[in-house]
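Trainee: Structure for this input, please:
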Amino acid sequence: MKSYSLKSLGNKKDYMTIVAEKEDGYVIRIVRDQDGYEDVKTDWLSKELFECCLRTGYITEMDTVEAVAVSA
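Mentor: Numbers count the residues shown, from 1 in each chain. The predicted model follows:
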């Protein structure tokens, strides 16, 4: 499973992880920092929107060390 940091305001450490890949998109788990607690959601993201987010820099792939640190 790959993890991606989300572009957010301030010093928030929001990220998403691809849980499953389907033919036309991804099941993702989004973790957002909400004033000291984590808001966790599972959602669907089409492959087209995912590629657009990568191109525009809204999401960036995290390296293995970063991904392990946020999932711990």
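Trainee: got a list of what the spatially most central residue of the chain touches?
Mentor: For the chain, residue 16 is the residue whose C-alpha lies nearest the centre (C-alpha atoms, centre = their mean; 1.8 Å). Residue 16 makes contact with 3-4, 6, 28-31, 59, according to C-beta atoms under 8 Å, 6 or more residues apart in numbering. Where you see a C-beta, it was placed from the backbone N, CA and C, and this is true even at glycine.
Trainee: Just the ones in strands from the residues you listed, please.
Mentor: 3-4, 6, 28-31, 59 (DSSP state E).
Trainee: what are the phi and psi values for residue 54?
Mentor: phi -70, psi -50 (degrees, to the nearest 10).
Trainee: Just the element for residue 50, please.
Mentor: Residue 50 is part of helix 47-56, with elements assigned from DSSP states H and E.
Trainee: ugh, wrong one, I meant residue 42
Mentor: With DSSP H and E as the test, residue 42 turns up in strand 37-46.
Trainee: What are the buried residues along that strand?
Mentor: Neighbour-count burial for strand 37-46, counted by 16 or more other C-beta atoms under 10 Å, picks out residue 45.
Trainee: try stretch 16-27
Mentor: Neighbour-count burial for stretch 16-27 flags 16-17, 26 (criterion: 16+ other C-beta under 10 Å).
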